[in-house]
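S.K.: next come a sequence and a model predicted from it.
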Amino acid sequence: MAPDDSLPDGLSDEALLAGMAAGTVAAGTAFVRRHQSRVFGLAWVLVGDPGLAEDVVQETFLRAWLHGASFDARKGSVRSWLCTITRNLAIDTLRMRRAEPVDPDALLAQLALADGDLSDHITRLEDAERVRAAVRELPAPQRRAVVLAAWFGRTAEEISRMERIPLGTAKTRIRDGMLRLRSTLAEETRR
Amino acid sequence: MSEMDCAVFQDAAAELALGILTGPDRAVALKHMERCASCQAEVGSLAAAADRLLDLVPPRGAPDGFESRMAAAFRQSVPGQAGRCHRGKAACRRLAGWWRRAGLAAAAAAAAGALGFGLHQIGAPQEPAYSGAEVAALRTPAGAPAGEVAVTGAPQPLVVMVLNPGAAPGWYHCYLRTSGGRQAFAGAFHVGRDGGVWVIRPPMPPRDLAGARLVGPGGTEIASATFT
């Protein structure tokens, strides 16, 4: 039987999760290696403190290890599942510290400034720039709703309270913003 | 639980894709999505757009020793204890062994293109990778080999699907077919230029499994397999 540290490269996220659910530590460490920089990036942006971010990331991967069996690919990708766990833990951490997440527009500005010196991968930068441009093209109310939902995990009800708008308006902003974003990104891909 | 039609589902699809739909609304939407391929595809494409938003988050390097600390934490926790899986340690160890063999065989098959080789042959000679499992060839509608599907029973039913390199990159939807003609959505997977390997937990008992279908970008059937 193969030793624990000799997994082949190229296994899908779903295959690694199945291995984690089976208790294979090598699958867990391969999963951590693959996702840690993104998860760290998200946690750091959300909690704004490297020490707290590490706690959040450690708990995120531990939950993925313990609950990998409950992942259902029909409900989204592994990456968004992992980011949802990170987001929820980050929000809990901020709530425990009685701090509120930053304003979504401020977050967007922070993200725009941050990647220039943190990523040297030109393709990734170009792709991020396309996504950023697509987000910027959204009308401001839709942009706020999409950012609050996508990065902070705010529900339509929470957004309606935060923005002091009816629930139906919050839902419409999220839906219209996502439809427009998808359309813009698809057009960019076709060019 | 009340029913939801496609028009109402469309209103909730973005929230579902973003992972912010909760409570009864989420349950009703998921129930509708289970039996509606077009709404599954709608959520899939919105979820792909939502995933792109995560590209804006700048990656950060992990602190020194983080990976080792996580490995140590994994060794101290048995998966499934806090989840819905309640296998014992012995069963977990058996499944881990099977998974390693299956993963190695499947990855080898993917790397080799799997053309002309059965996964059971690749897993040999020391130890059969799919002992007791059924293997079926995935073929395109024109009959060309596209990969393989293997189904194992104990200790846990798993479907290993191998799609050869050469398929158009994009999101693929996998459906499993029962001997009674029922079709169940089993997952959406991103395929790159080098093909892909996935492990799926079948939503039906393996003995009821009659075949599998892969539907590619645009809703076209790419390949199917039939167990004999």
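M.R.: Happy to help now that I have it.
S.K.: helix/strand/coil for residue B:147?
M.R.: strand (DSSP: H, G, I helix; E, B strand; the rest coil).
S.K.: that's a strand at residue B:137, yeah?
M.R.: Yes - secondary structure assignment places residue B:137 in a strand (three-state DSSP).
S.K.: and residue B:160, its phi and psi?
M.R.: Residue B:160 adopts backbone torsions of phi -110, psi 120, taken as degrees, to the nearest 10.
S.K.: how many neighbours does it have?
M.R.: When counting by other C-beta atoms under 10 Å in any protein chain shown, one arrives at 26 neighbours for residue B:160. C-beta: built from backbone N, CA, C; applies to glycine.
S.K.: ok, and the closest non-adjacent residue to it?
M.R.: residue B:150 (4.6 Å; C-beta to C-beta, 6 or more residues apart in numbering or on different chains).
S.K.: so which bits of whichever strand or helix holds that neighbour are buried?
M.R.: For residue B:150, the host element (DSSP states H and E) is strand B:145-152. Going by neighbour count (16 or more other C-beta atoms under 10 Å in any protein chain shown), the buried part of strand B:145-152 is B:146, B:147, B:148, B:149, B:150, B:151, B:152.
S.K.: again, but for stretch B:167-177
M.R.: B:167, B:171, B:172, B:173, B:174, B:175, B:176, B:177.
S.K.: where does chain B dip in pLDDT?
M.R.: Chain B contains residues with pLDDT under 70 at B:1-2, B:78-133, B:152-157, B:188, B:190, B:193-194, B:197-199, B:217-218.
S.K.: go with 90
M.R.: B:1-5, B:16-27, B:30-65, B:67-69, B:71-211, B:213-222, B:227-228 (pLDDT under 90).
S.K.: where do the helices sit along it?
M.R.: B:6-18, B:23-34, B:37-53, B:66-75, B:89-112, B:119-123 (DSSP state H).
S.K.: try chain A
M.R.: With DSSP H as the criterion, chain A has helices spanning A:13-21, A:25-47, A:50-67, A:78-96, A:104-114, A:122-137, A:140-150, A:156-163, A:167-190.
S.K.: packing partners for the first one?
M.R.: If contacts are counted by 3 or more C-beta pairs under 8 Å, 6 or more residues apart in numbering or on different chains; DSSP states H and E, helix A:13-21 sits against helix A:25-47, helix A:50-67, helix A:78-96, helix B:89-112, strand B:196-200.
S.K.: ok, now with 6 Å
M.R.: With contacts taken as 3 or more C-beta pairs under 6 Å, 6 or more residues apart in numbering or on different chains; DSSP states H and E, helix A:13-21 sits against helix A:25-47, strand B:196-200.
S.K.: circling back to that earlier point, now render the helices of chain A as TSV, adding mean neighbour count.
M.R.: Formatted as TSV, those follow (neighbours: other C-beta atoms under 10 Å in any protein chain shown):
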stretch	mean neighbour count
helix A:13-21	26
helix A:25-47	23
helix A:50-67	20
helix A:78-96	20
helix A:104-114	15
helix A:122-137	15
helix A:140-150	23
helix A:156-163	18
helix A:167-190	18
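S.K.: residue B:195: which of those helices is closest?
M.R.: helix A:13-21 (12.9 Å; C-beta to C-beta).
S.K.: and the closest one, what's its mean pLDDT?
M.R.: Averaged across helix A:13-21, the pLDDT comes to 80.
S.K.: okay, the angle between it and helix A:25-47?
M.R.: Interaxial angle, helix A:13-21 versus helix A:25-47 (axes from the mean of the first three to the mean of the last three C-alpha atoms, to 10 degrees): 110 degrees.
S.K.: the strand holding residue B:150 pairs with which strands, parallel or anti?
M.R.: When pairing is defined by DSSP bridges, strand B:145-152 lines up against strand B:134-139 (antiparallel), strand B:158-163 (antiparallel).
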